[in-house]
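> Any chance you could fold what I've pasted below:
(2 chains)
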Amino acid sequence: NAGVTQTPKFRVLKTGQSMTLLCAQDMNHEYMYWYRQDPGMGLRLIHYSVGEGTTAKGEVPDGYNVSRLKKQNFLLGLESAAPSQTSVYFCASADSNSPLHFGNGTRLTVT
Amino acid sequence: RKEVEQDPGPFNVPEGATVAFNCTYSNSASQSFFWYRQDCRKEPKLLMSVYSSGNEDGRFTAQLNRASQYISLLIRDSKLSDSATYLCVVNPYGANNLFFGTGTRLTVIP
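Numbers count the residues shown, from 1 in each chain, chains lettered A, B, ... in the order given. Below is the predicted model:
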C-alpha cells in the first residue's frame, strides 16, 4: 500500500517550458488536491477534485490546469512555467471520513 | 482577512516544558478542525482532529473555542522529537476544502 505517490520529486524548468506533475493514490479516495507551499505562505490550494472526471479551482489556480481522468490519478499541468511557480507542490487525497493523506512533494524550480 | 491565522513563532522551549499554540479562524460556520505536523522538507501529517468537546492524545491536547473562533494545541513534557512545524487546518466551506495556517515552528532544546 503506497498511499499517495508524486512524480517527479525534483524538477528544474526554464521559463516558458511546460510540464505535468503526476499524483497517484491507491486508497480509492474520492477527493484529490494539489497544494503549493511557499515560505511564509503556508499551503495554498491550487485545484481539487471531488471525483473522477471533476475538477474545481482552489485559492491560487492561475497558470495551472488539472485533469482527473481516472479516480486514482490527478495531474497538474504547467503550460508555460514562470519563476513565480517555483515552489514545493504537494498532492493529497481523502474521502469523506478520512484526513488528508499527502504525497512526498515535488520541488520545482523555474529559472 | 485570512481564513486561518497562526503565530509563526519560533517557539524555543527546553525539554520537559509545556507549550501551547493558538490558531484563529475567520468563518464562524467552519465545520472541522485539525492540527497537522510537518517536519523540515517533508509532507504534512495529521497530528489530531479537534472536536468540540476537546480531545487528548497522550501528551497532546486540542481544544476548540467556537465563541472566540480559535483552536489550540497543548504539548506537555516536550520531547526533542516534537521539534517541527505545526499547521492549523480549518474546513470552512465543506466539500473537503481545507485551509492551512502558515504554521508555528517549535524547537525543543536539550
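> and chain A, which residues reach chain B?
Applying CB under 8 Å from any CB of the partner chain, one finds that chain A approaches chain B through A:31, A:33, A:35, A:40-45, A:48, A:50, A:58-59, A:90, A:94, A:96, A:99-100, A:102-105. All C-beta atoms are positioned from the backbone trio N, CA, C, and that covers glycine.
> where do the strands sit along the chain?
Assuming you mean chain A. For chain A, the strands defined by DSSP state E occupy A:4-7, A:10-13, A:19-25, A:31-38, A:42-49, A:56-57, A:65-67, A:73-78, A:87-94, A:101-102, A:106-110.
> think we crossed wires, I meant chain B
Using DSSP E, strands in chain B cover B:4-6, B:11-14, B:19-25, B:32-38, B:45-50, B:55-57, B:60-65, B:70-75, B:84-91, B:99-100, B:104-109.
> who does the last one pair up with?
It refers to strand B:104-109. strand B:11-14 (parallel), strand B:84-91 (antiparallel) (DSSP bridges).
> hey, least reliable of these by pLDDT?
If the strands paired with strand B:104-109 are sorted by mean pLDDT, strand B:84-91 sits at the bottom with a mean of 92.
> That strand relative to strand B:32-38, how many degrees between them?
160 degrees (axes from the mean of the first three to the mean of the last three CA atoms, to 10 degrees).
> Can you tell me what sits against stretch B:81-92?
Identification of contacts with stretch B:81-92 by CB atoms under 8 Å, 6 or more residues apart in numbering or on different chains yields A:42-43, B:3-4, B:6, B:21, B:23, B:25-27, B:29-40, B:44, B:47, B:71, B:73, B:75, B:97-101, B:103-108.
> again with stretch A:32-41
Contacts for stretch A:32-41 (CB under 8 Å, 6+ apart): A:21, A:23, A:25, A:43-49, A:58, A:60, A:64, A:66, A:68, A:74, A:76, A:85, A:87-94, A:100, A:105, B:8, B:98, B:100, B:102.
> and that stretch, average pLDDT?
91.
> picking up where we left off before, of all the strands of chain B, which one is nearest A:Arg11?
strand B:32-38 (21.3 Å; CB to CB).
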